[in-house]
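Student: this one's sequence-less:
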């Protein structure tokens with residue numbers, strides 16, 4: 001199946017983005033979406049963020065249908081631009097990692113688990129985010 005590239009207009013340019021759903025394991029299974037964004041064509045500096053679903057569901061990732069909206073993607077782009085991503089640079093990847101960034105979206109938090117199996121347990125992070133949302 002071919003990956004679908006979506007378009008988003010922001011900051012006086014057109015961004016192309018794609019998102020693919022994966023699952024990550026901690027104490028429980030969690031839905032994770034790998035977001036990839038290009039801002040100056042296919043050979044430009046790629047932005048990549050692994051978005052961990054904040055959903056707390058009784059059956060875990062099997063019933064989680066979380067997927068980033070264009071508003072979520074715009075928030076990721078805005079955050080990345082403000083934190084050093086230059087989409088005009090040729091090649092390479094700019095990673096938004098949980099270790100280096102504090103980006104939180106209404107339905108997602110950053111995770112490093114798909115790239116680093118030794119990163120913090122996603123179950124603990126999802127439950128902490130849920131508790132924080134319930135008790136601001």
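Tutor: Ah, there it is. Here the structure is a predicted model, which is why all the values come from computation and not from measurement.
Student: Residue 128 falls within a helix, correct?
Tutor: Yes. In this structure, residue 128 lies within a helix as judged by DSSP: H, G, I helix; E, B strand; the rest coil.
Student: neighbours around it, how many?
Tutor: Neighbour count of residue 128, defined by other CB atoms under 10 Å: 13. In short, each C-beta sits where N, CA and C put it, glycine included.
Student: For it, give its distance to residue 56.
Tutor: Separation of residue 128 from residue 56 (CB to CB, to the nearest Å) stands at 11 Å.
Student: give the contact list for the nearest residue to residue 110 once chain neighbours are set aside.
Tutor: Nearest residue to residue 110 in three dimensions, chain neighbours excluded: residue 98, at 4.3 Å (CB to CB, 6 or more residues apart in numbering). By CB atoms under 8 Å, 6 or more residues apart in numbering, the contact list for residue 98 reads 109, 110, 111, 112, 119, 120, 125.
Student: In JSON lines: those, plus pLDDT.
Tutor: Supplementary listing: the contacts of residue 98 in JSON lines, determined by pLDDT from 0 to 100:
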{"residue": "109", "pLDDT": "89"}
{"residue": "110", "pLDDT": "93"}
{"residue": "111", "pLDDT": "92"}
{"residue": "112", "pLDDT": "92"}
{"residue": "119", "pLDDT": "89"}
{"residue": "120", "pLDDT": "86"}
{"residue": "125", "pLDDT": "82"}
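Student: ok so, going back, give the helix, strand or coil label for the residue nearest to residue 110.
Tutor: Counting by three-state DSSP, the backbone at residue 98 sits in coil.
Student: What does the pLDDT read for it?
Tutor: Predicted confidence (pLDDT) for residue 98: 92.
Student: what's the spacing between it and residue 113?
Tutor: On the measure of CB to CB, residue 98 and residue 113 end up 9 Å apart.
Student: Appreciated, that's everything.
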